[in-house]
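Student: Structure for this input, please:
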Amino acid sequence: MDKQVQERLLAWIDEHFDEEVGFLQQVVRIPTDTPPGDNAPHAEAVAGMLTQYGWTAEKHAVPEQAVRDYGMESITNLVVRRPYGAGGPTLALNAHGDVVPPGEGWSKPPYGAEIHDGAVYGRATAVSKGDFATYVFAVRALEALGLSLKGALELHFTYDEEFGGLLGPGWLLEQGLTRPDYVIAAGFSYNIVTAHNACLQLEITVQGKAGHGAMPETAVDALQAATRILNAIYGQLPDLKKIKSQVPGIDSPTMLVGRIDGGTNTNVVPGKVVMKMDRRMIPEEDPVAVEAQVRKLVEDAVAGMPGIRLEIRRLLLSHALRPLPGSDKLVASLQRHGRAILGEDIPAQGTPLYADARLYGERGIPAVLYGAGPRTVPESNAKKADEHLQLEDLRKATKVVALTLLDFLADK
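Tutor: Model prediction:
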């Protein structure tokens, strides 16, 4: 591509960067805590913000009953379609607007989007409302050049990543509302993610019989049974550490219990305990086989315990993201421009996280993760107190994405 065209593209981003930061601040200041997951108001606000650029955001509301059955309150996914000339590919850019609740320990307001020492602070500044701004302004920069373009761009702003994405990108794809040729999904500036782990989440309900604490022999202690399950789960960790992935950036499977609820009072034998567990699978593992193994592990732990009943409910079974034919083309363009803008080589590798990008991959659509953020998740405090995004990382990622869009869509 002509160097002068590229320089005009980069200059436009620099000239409009204050506007981009302001856009991000607006997006961050509207809470989308999930749970409870009342996220339609955020989508409505973003759709309104996009009208100032002459864009129409299609509002695709997931039926209320489906959302409530899923454990959330409201989901409206947005699709912005920017068609150009015939003969080119359709490239989608996907970021999610739902977030984990802020939690405690913030030194800045979690929804203040305040700027301190060159960084914007707030929940989802790094994951992944930051990429609402990255993608919107990369597309605006491309269109501002007035070039002849071919193909199409789509912006997918979805609201279900924290619960697994099935009512976010999964729903858009299932309903036949989109079928892009390539996808760039929210990520970080200094690496490109081409593969990620699968994830199994189970809810384990242990039913016993409550009884007076002074007469425990009249009860069936659900917590004793739950303790056996916990010991079985954590007893597996040394064996999981021995399993190694061949994908750079991904190590071994992991397993943990992330939440436990149970009992009624200090002086009452617990009659019911509910645990939620998470088992991450490396790309080489078979999710169906792993689920069968985990269920057997849990069942065997309490087998033969009188009066104990067990219910195991799947909350999520997400598949791994693997490179597909065509993803190498995305990687090559992002790496070339990343080297030019960041002044260093950016690797393409796997991550132990799981993300919405897998839902595109499951349908044969090549997808990679790239957007605004630091080198590692911990650097940004993503999902922790004082989450933040360095403004220069936002600027640079916007430039890299815009140049990549130019590669794919310019009518050469």
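
Student: use CA for all of it now, contacts and neighbours both
Tutor: Fine.

Student: Which residue ranges of the stretch 201-350 of the chain form helices?
Tutor: 222-235, 237-241, 287-302, 327-342 (DSSP state H, counting those that start in this stretch).

Student: mind giving me TSV with those and columns for mean neighbour count, distance to A214 and mean pLDDT?
Tutor: Converted to TSV, these look like this (neighbours: other CA atoms under 10 Å; distance: least, CA to CA, whole Å; pLDDT from 0 to 100):
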stretch	mean neighbour count	distance to A214	mean pLDDT
helix 222-235	18	16	98
helix 237-241	12	37	98
helix 287-302	15	24	97
helix 327-342	18	64	97
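
Student: List the contacts of R358.
Tutor: S318, H319, A320, L321, R322, A367 (CA atoms under 8 Å, 6 or more residues apart in numbering).

Student: Name the member of those residues that has the highest neighbour count.
Tutor: Neighbour tally across those (other CA atoms under 10 Å): the maximum, 36 neighbours, falls on A367.

Student: shouldn't it be in contact with A185?
Tutor: Yes: at 7.1 Å, A367 counts as touching A185 under the criterion of CA atoms under 8 Å.

Student: which residues are common contacts for the two?
Tutor: With CA under 8 Å, 6+ apart as the test, A367 and A185 both reach A357.

Student: Give me the domain ranges for the chain.
Tutor: 3-196+320-409, 198-318 (the TED database).

Student: and among these, the most buried is which?
Tutor: domain 3-196+320-409 (a mean of 20; mean count of other CA atoms under 10 Å).

Student: how far is it from where the chain is centred?
Tutor: Centroid separation between domain 3-196+320-409 and its chain, computed with CA atoms, centre = their mean, to the nearest Å, is 10 Å.

Student: Can you tell me the centre-most residue of this protein?
Tutor: Nearest to the mean C-alpha position of the chain, by CA atoms, centre = their mean, lies A355 at 4.1 Å.

Student: Before we move on, what's the pLDDT of the nearest residue to it once chain neighbours are set aside?
Tutor: Excluding its sequence neighbours, the residue lying closest to A355 (CA to CA, 6 or more residues apart in numbering) is E161, at 6.9 Å. Listed pLDDT for E161 reads 93.

Student: Same check on L317?
Tutor: The model's pLDDT for L317 equals 89.

Student: Pull the contacting residues for the nearest residue to it once chain neighbours are set aside.
Tutor: For L317, ignoring the flanking residues on the chain, the nearest one in space by CA to CA, 6+ apart is L200 at 4.6 Å. Residues near L200 by CA under 8 Å, 6+ apart: D278, R279, R280, M281, P287, E291, R314, L315, L316, L317, S318.

Student: how close does the second one get to L256?
Tutor: Spelled out, that is R279. 7 Å (CA to CA, to the nearest Å).

Student: Same check on the fourth one?
Tutor: Taking CA to CA as the measure, M281 and L256 are separated by 12 Å.

Student: Repeat that for the last one.
Tutor: Going from S318 to L256 by CA to CA gives 16 Å.

Student: give me every residue that touches I233.
Tutor: M255, L256, L297, V298.

Student: and the helix ranked longest in the chain, average pLDDT?
Tutor: Longest helix of the chain, by residue count under DSSP state H: helix 391-409. Helix 391-409 comes out with an average pLDDT of 98.

Student: Could you list every helix and strand in contact with it?
Tutor: In this structure, helix 391-409 makes packing contacts with helix 3-15, strand 85-96, helix 130-144, strand 150-158, helix 327-342, judged by 3 or more CA pairs under 8 Å, 6 or more residues apart in numbering; DSSP states H and E.

Student: do you know which of these lies nearest M72?
Tutor: strand 150-158 (13.7 Å; CA to CA).

Student: What lies in contact with the closest one?
Tutor: 43, 76-98, 132, 135-136, 168-169, 180, 409-411.

Student: before we move on, the earlier item: check the gap between the residue nearest to A355 and N39 for me.
Tutor: As judged by CA to CA, E161 and N39 stand 12 Å apart.

Student: now swap in L321 and tell me
Tutor: Taken as CA to CA, the span from L321 to N39 is 26 Å.

Student: any chance you could map the helices in the stretch 51-200 of the chain?
Tutor: Under DSSP H, counting those that start in this stretch, the stretch 51-200 of the chain gives helices at 64-70, 130-144, 169-174.

Student: Redo those helices as TSV? Include distance to Y234 and mean pLDDT.
Tutor: TSV is the format used below for these (distance: least, CA to CA, whole Å; pLDDT from 0 to 100):
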stretch	distance to Y234	mean pLDDT
helix 64-70	28	95
helix 130-144	36	98
helix 169-174	32	97
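
Student: Make CSV out of the ones you listed and add distance to I341.
Tutor: Listed next are the helices of the stretch 51-200 of the chain as CSV, based on distance: least, CA to CA, whole Å:
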stretch, distance to I341
helix 64-70, 41
helix 130-144, 14
helix 169-174, 30
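
Student: Of the ones you listed, which is nearest A47?
Tutor: helix 130-144 (11.6 Å).

Student: which residues are contacting the closest one?
Tutor: 9-10, 12-13, 20-21, 23-24, 27, 93, 95, 124, 155, 157, 186-187, 371-372, 389, 394-395, 397-399, 401-402, 405-406.

Student: Check stretch 251-261 too.
Tutor: 230, 233-234, 237, 240-245, 273-282, 352.

Student: please redo it, this time with the cut-off set to 7 Å
Tutor: Here stretch 251-261 makes contact (CA atoms under 7 Å, 6 or more residues apart in numbering) with 240-241, 243-245, 273-282.

Student: What of stretch 299-311?
Tutor: I204, T205, V206, Q207, G208, V220, A222, A225, R228, I229, A232.

Student: Just the closest of these to G54, please.
Tutor: Comparing the contacts of stretch 299-311 against G54 with CA to CA places I204 closest, at 49.2 Å.

Student: on that earlier part again, the contacts of stretch 251-261 in strands, which ones?
Tutor: Within those, membership in strands is found for V273, V274, M275, K276, M277, D278, R279, R280, M281, as judged by DSSP state E.
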